[in-house]
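J.: missing the sequence, but the structure's below:
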């Protein structure tokens, strides 16, 4: 296996697997490769990748929190919601499961896409816990 292929395989490993592999590599690598610090480059690349992924996850979390805080409803999802007769919409809003209270009513809700269907996200009227309702659109 050449160094490029080895580097590619190392980038795909989890942290514990990577550390175990590095120990094995240091046992068998010629001294000149270690002196060129190629292994240190691989470790730095992996660390940079992990930091980038962590920043992306944090940004996604901030986006979701801001989205929920603004109570935003997508127009296309709202149009799907409005195709349901009003009496059926009321039944759906009045029949939501809260993990704290049991069956409850949905308040302060948003309408989101879920493939061809929609999801109603809001709060329980009794305890204000976050609740959601998946609605199949035929």
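T.: Looks like it arrived, so ask away. Being a predicted model, the structure only gives us computed values, none of them experimental. Residues are numbered from 1 along each chain as shown.

J.: okay, now the domains of this protein?
T.: Domain segmentation of the chain under automatic domain parsing yields 3-70, 75-135.

J.: quote the end-to-end distance of the shortest one.
T.: What that stands for is domain 75-135. 16 Å (Cα to Cα, to the nearest Å).

J.: lowest-scoring secondary structure element of the protein by mean pLDDT?
T.: helix 31-35 (a mean of 59; mean pLDDT, DSSP states H and E).

J.: right, and the helix or strand after whichever helix or strand residue 52 is part of?
T.: Secondary structure from DSSP states H and E places residue 52 in helix 38-70. Once helix 38-70 ends, the next helix or strand along the chain (criterion: DSSP H and E) is helix 75-82.

J.: run through the neighbouring helices and strands of that following helix.
T.: For helix 75-82, the contact count by 3 or more Cβ pairs under 8 Å, 6 or more residues apart in numbering; DSSP states H and E identifies strand 106-114, strand 117-124 as packing neighbours. The C-beta positions use only the backbone N, C-alpha and C, and glycine is treated the same way.

J.: check those strands for me and report the most buried one.
T.: strand 117-124 (a mean of 20; mean count of other Cβ atoms under 10 Å).

J.: that one to strand 106-114, inter-axis angle?
T.: Relative orientation of strand 117-124 versus strand 106-114 (axes from the mean of the first three to the mean of the last three Cα atoms, to 10 degrees): 160 degrees.

J.: can you list the residues that contact strand 117-124?
T.: Strand 117-124 is contacted by residues 68, 77, 80-81, 92-93, 96, 98, 100-101, 104-113, 129-137 when judged by Cβ atoms under 8 Å, 6 or more residues apart in numbering.
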